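Asks: One predicted model, sequence on top.
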Amino acid sequence: MKPRLIAIGDSALLIQLGDEIDPALNQRVHELDALFRADPMEGVIETVPAYASLLFHYDPLVLTYEQASDLANIEIARVKSGATRIPRRIEVPVRYGGEFGPDLQFVASHHHISVQEVVSLHTACEYTVYMMGFTPGFPYMGKLDDRLATPRLATPRIHVVAGSVGIAGAQTGIYPIDSPGGWRLIGRTSLPLFDPAADPPFLFSPGDKVQFVSEALDA
């Protein structure tokens, strides 16, 4: 897919590089983000990476739409197709089921497999952190084995405990702080994901590779 520039109001551009969840495509998004950050220019406020796009915020009092578009196209042309960052590999210990994973049984029943099979499938894959969002330090990771892809809750929970590991569609993620949430909860980790006093404050960064490891299974 040829990159597209989509105007978002009068002070932002959505740079769309594709329309699917793909590791190579996501790598290009983060390479583009790194180029903007490495050479800050007057009028550029912020860039926000997602799965297949980069949101480019600019000051319309400094840059016109045409200037912002020209800048975006220049940086797009500089992006290489290969990875430039060696990903970190992080193991995440998880206690599955019971009070830690109240939706584990539902996921198993939904896919007509056993609870142990859900845990085995979830821990068998190495996941890529595609983007951060929702709450500080929340990693959106994928891609789940197709046999685990499960819809979100129809009504989100008011309170999800920090460290809860969830599934939503073909994604898996971890809640870094206590918050509302609609993902299917299958377990919980004791790893701290967000510490505002630390530098950096987040455990994960986009591009990291994550392996879940079962500590226990509470039936």
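Replies: Arrived safely.
Asks: What mean pLDDT does whichever strand or helix holds S214 get?
Replies: Here S214, judged by DSSP states H and E, is contained in strand 209-218. Averaged across strand 209-218, the pLDDT comes to 90.
Asks: Ok, stretch 29-41 next?
Replies: Average pLDDT, stretch 29-41: 85.
Asks: and what of stretch 113-128?
Replies: Taken as a whole, stretch 113-128 has a mean pLDDT of 96.
Asks: ok, back up a step: report all helices and strands that the strand holding S214 contacts.
Replies: strand 89-97, helix 115-124, strand 126-132 (3 or more CB pairs under 8 Å, 6 or more residues apart in numbering; DSSP states H and E). In short, each C-beta sits where N, CA and C put it, glycine included.
Asks: for those, which one ends up most surrounded?
Replies: Highest mean neighbour count of the helices and strands packed on strand 209-218: strand 126-132, a mean of 21 (counted as mean count of other CB atoms under 10 Å).
Asks: what helices or strands is that one leaning on?
Replies: The contact analysis (3+ CB pairs under 8 Å, 6+ apart) places strand 126-132 against helix 23-38, strand 139-142, strand 209-218.
Asks: The same query, at a cut-off of 10 Å, please.
Replies: Counting contacts by 3 or more CB pairs under 10 Å, 6 or more residues apart in numbering; DSSP states H and E, strand 126-132 packs against helix 23-38, strand 44-49, strand 89-97, strand 139-142, strand 171-174, strand 209-218.
Asks: hmm, back to that, can you put the helices and strands packed on strand 209-218 in JSON lines and add distance to D22?
Replies: Output for those, formatted as JSON lines (distance: least, CB to CB, whole Å):
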{"stretch": "strand 89-97", "distance to D22": "20"}
{"stretch": "helix 115-124", "distance to D22": "20"}
{"stretch": "strand 126-132", "distance to D22": "9"}
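Asks: Ok, which of these comes nearest H30?
Replies: Relative to H30, the nearest member of the helices and strands packed on strand 209-218 by CB to CB is strand 126-132, separated by 8.9 Å.
Asks: Tell me which strands the closest one pairs with, and in which orientation.
Replies: Applying DSSP bridges to the sheet, strand 126-132 is found paired with strand 139-142 (antiparallel), strand 209-218 (antiparallel).
Asks: Name the stretch among those strands that sits most buried.
Replies: Per residue and on average, the most neighbours among the strands paired with strand 126-132 fall to strand 139-142, with a mean of 23 (mean count of other CB under 10 Å).
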